[in-house]
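1. sequence? don't have it. structure:
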Ligand SMILES: Nc1ncnc2c1ncn2[C@@H]1O[C@H](COP(=O)(O)OP(=O)(O)OP(=O)(O)O)[C@@H](O)[C@H]1O
Ligand SMILES: [Mg+2]
């Protein structure tokens, strides 16, 4: 095949998060145009790709580059930022993608809540507010209804500004913290839903939303809820899982995701599964890139690339096994020594051990995903077996810290 015959895919973002998509597209024999504002982005080092040093939110410049390269498809992997650019370019060039309206509803938590409510999708009680006075009134309403209250900026991600209020929280401080993490100043004040949390990975083709896998998640405790592990398939009962799938599909339809991936976060409450949020993209934390292929044999990254190119990949599971990721639980201090990594890599079921922080780095209390020191990924006969393989490996890894 000559370069002229190759299909061209534009991938927005070339950081470590999007690297699996860039590598996969190359492996599939596609022409890859990677876009990132950072000329040193790790994805740019993949041999044979075309680099475009443009910010993923600079939509007009991306559109110009996309037209110039005459791309056949556009996507991002696990990032919300480039969503509007994906929407505008796919619309302008008649490619498969989401609409601008869907991109907004999938990235702004206030518009998302409204769209879910209008379509009768189960969600917590919520109020959209601007300004401290309406913030305090909304917190009061949620408490009067008998719930704990969680607040978040409408337009941020990565748990930035998310805060579970306690009965004695200083509401002035809470408002300042959340509003300082918002761009437009809007805050969503919500009922805190109690129950286990799962995520649902789906792929939609022409309006048919297919559930690929349901993942159990463990997080640190309140107030930060940093994800410390995921395992598949979810161990909840078949009956609950079928309700979870139903709610996730309804949420995708309410937001308008006709084609492409989505990652839906759900709390399983006493009244049934309710939506935390959903993104019109693949799930991060190695869920779609590593865990789903191990547990089902479905390569969601490849499928997403094919969908973006207007093709119809086979989405059927090839097997039913377990997979898990567990993050290191490290003491607070400066890292002095890390041992046992090579031994852990050779253990039963272990497919990957990655250390993110190195010797000399200061480790504080884990407040967000970036604070996690490293992780182990393993597979197994089922979810329990995979988790057990992760935990055995974690036991031989020692991160020695000095206080
Ligand atoms: N209404 C709620 N009830 C219970 N838990 C919630 C609620 N809203 C958020 N959470 C918890 O807080 C976490 C982060 O909230 P959310 O997903 O809305 O923010 P985010 O900025 O997108 O964070 P992330 O990128 O970590 O998903 C959720 O995964 C969930 O554990
Ligand atoms: Mg979230």
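-> Yep, it's here. Computed from a predicted structure; not experimentally measured. Ligands and ions are numbered 1, 2, ... in the order given.
2. all strands in the stretch 151-300 of the chain, in order from the N-terminus.
-> 163-165, 186-191, 197-205, 208-219, 227-232, 260-269, 272-279 (DSSP state E, counting those that start in this stretch).
3. Run me through the strand neighbours of the third one, direction for each.
-> Within its sheet, strand 197-205 is paired with strand 208-219 (antiparallel), strand 260-269 (antiparallel), according to DSSP bridges.
4. does it come close to ligand 1?
-> Yes. Using Cβ under 6 Å from any ligand atom, strand 197-205 reaches ligand 1 at residue 197. Glycine gets a C-beta too; all of them are placed from N, C-alpha and C.
5. angle of that strand against strand 272-279?
-> Angle, strand 197-205 to strand 272-279, by axes from the mean of the first three to the mean of the last three Cα atoms, to 10 degrees: 60 degrees.
6. Off-centre distance for strand 197-205?
-> 10 Å (Cα atoms, centre = their mean, to the nearest Å).
7. With the fourth one instead?
-> Relative to its chain's centre, strand 208-219 lies at 11 Å (Cα atoms, centre = their mean).
8. rewinding a little: would you format the strands paired with strand 197-205 as TSV with mean pLDDT and distance to residue 49 included?
-> As requested, the strands paired with strand 197-205 are exported to TSV (pLDDT from 0 to 100; distance: least, Cβ to Cβ, whole Å):
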stretch	mean pLDDT	distance to residue 49
strand 208-219	95	27
strand 260-269	98	21
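9. Could you measure from residue 330 over to residue 159?
-> 19 Å (Cβ to Cβ, to the nearest Å).
10. quick one: low-confidence parts of the stretch 151-300 of the chain?
-> Within the stretch 151-300 of the chain, no range satisfies pLDDT under 70.
11. Flag every residue of it that's near ligand 2.
-> 265, 277 (Cβ under 5 Å from the ion).
12. Which strand residues bridge the residue lying closest to residue 331 once chain neighbours are set aside?
-> Leaving out its chain neighbours, the residue that sits closest to residue 331 by Cβ to Cβ, 6 or more residues apart in numbering is residue 401, at 5.0 Å. Judged by DSSP bridges, the bridge partners of residue 401 are residue 335.
13. Kindly report the same for residue 269.
-> Bridge pairing for residue 269 - DSSP bridges - gives residue 272.
14. how many other residues sit next to it?
-> 15 (other Cβ atoms under 10 Å).
15. what's the answer for the one 4 residues further on, then?
-> Residues lying near residue 273 (other Cβ under 10 Å) number 25.
16. Also residue 53?
-> For residue 53, using other Cβ under 10 Å, the count is 16.
17. ok so, going back, could the strands paired with strand 197-205 be laid out in TSV, adding distance to ligand 1?
-> Below are the strands paired with strand 197-205 laid out as TSV (distance: least, Cβ to the nearest ligand atom, whole Å):
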stretch	distance to ligand 1
strand 208-219	6
strand 260-269	5
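18. Surely the residue nearest to residue 331 is in contact with residue 335?
-> Yes. Assessed by Cβ atoms under 8 Å, residue 401 is found in contact with residue 335 at 5.7 Å.
19. pretty sure residue 398 is touching residue 336, no?
-> No. Using Cβ under 8 Å, residue 398 is not in contact with residue 336, being 10.3 Å away.
20. just the helices in this structure please.
-> Applying DSSP state H to the chain gives helices spanning 19-27, 59-69, 83-92, 100-107, 109-118, 132-144, 171-180, 238-255, 292-296, 300-308, 341-345, 383-396.
21. can I get these in JSON lines with mean neighbour count and distance to residue 321?
-> Below are those laid out as JSON lines (neighbours: other Cβ atoms under 10 Å; distance: least, Cβ to Cβ, whole Å):
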{"stretch": "helix 19-27", "mean neighbour count": "21", "distance to residue 321": "20"}
{"stretch": "helix 59-69", "mean neighbour count": "16", "distance to residue 321": "39"}
{"stretch": "helix 83-92", "mean neighbour count": "21", "distance to residue 321": "32"}
{"stretch": "helix 100-107", "mean neighbour count": "21", "distance to residue 321": "30"}
{"stretch": "helix 109-118", "mean neighbour count": "19", "distance to residue 321": "33"}
{"stretch": "helix 132-144", "mean neighbour count": "16", "distance to residue 321": "41"}
{"stretch": "helix 171-180", "mean neighbour count": "16", "distance to residue 321": "41"}
{"stretch": "helix 238-255", "mean neighbour count": "19", "distance to residue 321": "16"}
{"stretch": "helix 292-296", "mean neighbour count": "23", "distance to residue 321": "5"}
{"stretch": "helix 300-308", "mean neighbour count": "24", "distance to residue 321": "16"}
{"stretch": "helix 341-345", "mean neighbour count": "15", "distance to residue 321": "20"}
{"stretch": "helix 383-396", "mean neighbour count": "20", "distance to residue 321": "8"}
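22. looking at the ones you listed, which is closest to ligand 1?
-> helix 109-118 (6.1 Å; Cβ to the nearest ligand atom).
23. contact partners of that closest one?
-> 104-106, 123, 126, 128, 152-155, 186, 188, 251, 254-256, 275, 277-278 (Cβ atoms under 8 Å, 6 or more residues apart in numbering).
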